[in-house]
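predicted model, plus sequence, below.
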Amino acid sequence: MHENDLGTEILDVAFEIHRELGPGLLESVYEIVMAEELRKAGFKAQSQVPIPITYKGLHFEEGFRADLIVESQVLIELKSVDSVSRVHGQQVLTYLKLLDFRLGYLINFGTELMKDGVSRIVNGLEAES
């Protein structure tokens, strides 16, 4: 499945969860529920995936942990805060580069309207014609 199509499916799940649970729960709750809903929809969804990093010849097995990785293609960083800062988006872009992924989402379940809590972050991904 193309990343853009997969992204649409991921966002459908996020909107459904937000509609059902509303804002304000802990990030860990949204992560558990989202991973399960993605799996029920037939997707391979991994949570808290350790991601190695290499820096100046040093290799670290766990440079960071990805909240969710879907179909080994799309990274999802979850938040449950009043508002995200610019650094959160930069963080997702850095993760995408380290993983050599092209698409990621920063999803903030803390917003009153889910549409205000979604940021699509790309690393060289072209729009589908």
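Cool, the structure landed.

in the protein, what residue sits furthest out from the centroid?
The outermost residue of the chain relative to its centre, with distances by CA atoms, centre = their mean, is Gly57 at 28.1 Å.

measure that residue to Pro50 for me?
Noted for Gly57: a distance of 20 Å to Pro50, by CB to CB, to the nearest Å. Placement of C-beta: from N, CA and C, glycine included.

got the phi/psi numbers for the residue farthest from the centre of the chain?
Here is the backbone geometry of Gly57 (degrees, to the nearest 10): phi 80, psi -10.

one more: the one 3 residues further on?
Note on Phe60: its backbone torsions stand at phi -110, psi 120 [degrees, to the nearest 10].

does Thr54 have beta-bridge partners, and which?
Taking DSSP bridges, one obtains His59 as the residues bridged to Thr54.

next, count neighbours for it.
Taking other CB atoms under 10 Å as the neighbour definition, Thr54 ends up with a count of 10.
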